[in-house]
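S.K.: Make a model of this:
(2 chains)
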Protein chains: 2
Amino acid sequence: MLLSGGLDSATALAVAVRRGLECYTLSVHYGQHAWRELISAASVSRALGAVRHQEISIDLRSIGGSVLLEPRPVPGPDDASRRFGIPETYVPARNTVLLSLGLGLAEVLGAYSVFIGANSVDYSGYPDCRPEYISAFNRLAKLAVAEGSSGGRAIRVEAPLMRLTKGEIIRLGLSLGVDYGMTMSCYQPTDTGLSCGRCESCLLRLKGFEEAGATDPIGYVGRPASS
Amino acid sequence: MLLSGGLDSATALAVAVRRGLECYTLSVHYGQHAWRELISAASVSRALGAVRHQEISIDLRSIGGSVLLEPRPVPGPDDASRRFGIPETYVPARNTVLLSLGLGLAEVLGAYSVFIGANSVDYSGYPDCRPEYISAFNRLAKLAVAEGSSGGRAIRVEAPLMRLTKGEIIRLGLSLGVDYGMTMSCYQPTDTGLSCGRCESCLLRLKGFEEAGATDPIGYVGRPASS
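M.R.: Coordinates of the predicted model:
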């Protein structure tokens, strides 16, 4: 289970746990400026009862290409700097790297599923969050590892939130007992861990809580945490 | 261009350079016990005239699953410990991780090709070295990154050595001026950099030089370097 510390992957983990799966969580420290999300990921993993949590580091800053890898303000959602309709927060090939690592870990663990919180309804338009991308990864995964490529059982990526709105994701998570106070979605939290409330990730999150008729328990700049 | 320091990727780089491409080389320090190959990679990149060489680190030892990640002797090619016909030297999802990193770097550089030295004739049977695997990666790559997924030009993996025997690869490389004395293929070189001559990688290499009617210039245990 790929766990970012955000609300989507926390909800996807809760779905997997509810299905009775033994979950091993993996977070990747890829050089994101918002490294605080990694602390959230470890807490979420523990709270939801994963068997084990692990972190792996790969410094994608040496590849670059995303504002998320740099210590500068993240543009708002209406920023005109999009390329091919995709915002500057896109990290080149990030989900392909993350899923590759998840695939390798699944093979070593003897697991047959890699869970990811990707969804393509209320999202930023990243190409590697869409259902056709996940399908293509699964065709690759079948050929990439030992058992699947030898005609045995394949490892498959599961993206249980793919078709849900942010409001539906939050309602689902609340029904499964996810404590969203442990999660963090902001691209540029303050030094004290408050979310900015202005980046695209914060705006999607806040819109989701509104749709779900719930209160976001985390703290935002100018609005303290409610939990 | 993914560069391992071995003879295949050196030859693939020479092919790309001969085509007149501006080549950027990437080596991955993934926790391989045979880290000496990284020094070879940097030398090969410089000698063949790449524009830039870079290294990225990701410690796949935390995922594990391969004898190449451990400080213990590598089994010979006839070892009975194969699983699904694949030897213990297989590193779970390695090429998927490497190609993902190559894909991300290509996107940032504005490149449209990722070269890899993979070949599937004289090889160890790794699933992620076969032509059908590369084809599946290309279908994924088209969907994974910004330009290709927006209907623009896709980034494609090129594996120019895929259908060549080891002897043909070496003949090709010699004709392109590759100095194989700079390359290293051994899974378990000695502390002084001699190749063992017994692991599957050494045996494939030596067989290739024999087929090519050439002398391998590197040093082996019990046989000094000829160059």
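
S.K.: wait, does the helix ranked longest in chain A contact chain B?
M.R.: Counting by DSSP state H, the longest helix found in chain A is helix A:94-109. Yes. Counting by Cβ under 8 Å from any Cβ of the partner chain, contacts between helix A:94-109 and chain B involve A:94, A:95, A:96, A:97, A:100, A:101, A:103, A:104, A:105, A:107, A:108. Glycine gets a C-beta too; all of them are placed from N, C-alpha and C.

S.K.: do the same with stretch A:115-132
M.R.: Yes. Stretch A:115-132 comes into contact with chain B (Cβ under 8 Å from any Cβ), by way of A:127, A:128, A:130, A:132.

S.K.: SS state for residue A:202?
M.R.: helix (DSSP: H, G, I helix; E, B strand; the rest coil).

S.K.: I'd guessed it sits against residue A:186; true?
M.R.: Yes. At 5.2 Å, residue A:202 counts as touching residue A:186 under the criterion of Cβ atoms under 8 Å.

S.K.: overlap in contacts of these two?
M.R.: A:195, A:196 (Cβ atoms under 8 Å, 6 or more residues apart in numbering or on different chains).

S.K.: Chain A: helices as residue ranges?
M.R.: Assigned by DSSP H, chain A shows helices spanning A:7-18, A:36-47, A:94-109, A:131-144, A:146-149, A:166-175, A:200-212.

S.K.: Using TSV, please lay out those helices together with mean pLDDT.
M.R.: Converted to TSV, these look like this (pLDDT from 0 to 100):
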stretch	mean pLDDT
helix A:7-18	98
helix A:36-47	96
helix A:94-109	96
helix A:131-144	97
helix A:146-149	89
helix A:166-175	98
helix A:200-212	96
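
S.K.: Out of the ones you listed, flag the one nearest residue A:28.
M.R.: helix A:94-109 (5.7 Å; Cβ to Cβ).

S.K.: Kindly reformat the helices of chain A as a markdown table and extend each row with distance to residue B:1.
M.R.: Compiled in a markdown table, those are given as follows (distance: least, Cβ to Cβ, whole Å):
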| stretch | distance to residue B:1 |
| --- | --- |
| helix A:7-18 | 33 |
| helix A:36-47 | 32 |
| helix A:94-109 | 18 |
| helix A:131-144 | 21 |
| helix A:146-149 | 25 |
| helix A:166-175 | 40 |
| helix A:200-212 | 34 |
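
S.K.: Could you dump those into CSV with mean neighbour count added?
M.R.: Shown next, in CSV, are the helices of chain A (neighbours: other Cβ atoms under 10 Å in any protein chain shown):
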stretch, mean neighbour count
helix A:7-18, 24
helix A:36-47, 20
helix A:94-109, 25
helix A:131-144, 21
helix A:146-149, 20
helix A:166-175, 20
helix A:200-212, 20
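
S.K.: Please report the distance of the spatially closest residue to residue A:1 that is not a sequence neighbour from residue B:65.
M.R.: Setting aside the residues directly before and after it, residue A:1 is nearest to residue A:115 in space (Cβ to Cβ, 6 or more residues apart in numbering or on different chains), at 4.3 Å. For residue A:115, the distance to residue B:65 equals 20 Å [Cβ to Cβ, to the nearest Å].

S.K.: Same drill for these two, tell me which one is more crowded.
M.R.: Shown here are residue A:115 and residue B:65; by other Cβ atoms under 10 Å in any protein chain shown, residue A:115 has more neighbours (25 against 22).

S.K.: ok, now which ones touch the nearest residue to residue A:90 once chain neighbours are set aside?
M.R.: In this structure, residue A:90 finds its nearest non-sequential neighbour in residue A:126, 5.2 Å apart by Cβ to Cβ, 6+ apart. Shown in contact with residue A:126 (Cβ under 8 Å, 6+ apart): A:86, A:90, A:95.

S.K.: how does it look with 10 Å?
M.R.: Shown in contact with residue A:126 (Cβ atoms under 10 Å, 6 or more residues apart in numbering or on different chains): A:86-87, A:89-91, A:94-95, A:118, A:120, A:133, B:144-146, B:149.

S.K.: cool, residue A:144 as well?
M.R.: Neighbours of residue A:144 in contact, by Cβ under 10 Å, 6+ apart: A:100, A:103-104, A:107, A:137, A:154-155, B:92-96, B:99, B:126-128, B:130, B:133, B:136-137.

S.K.: Residue A:45 is in contact with residue A:24, isn't it?
M.R.: Yes. The pair residue A:45 / residue A:24 is scored as a contact, 9.1 Å apart, by Cβ atoms under 10 Å.

S.K.: tell me, what's touching the two both at once?
M.R.: With Cβ under 10 Å, 6+ apart as the test, residue A:45 and residue A:24 both reach A:1, A:3, A:51, A:52, A:53, A:54.

S.K.: Just the buried ones from these?
M.R.: A:1, A:3, A:53, A:54 (16 or more other Cβ atoms under 10 Å in any protein chain shown).
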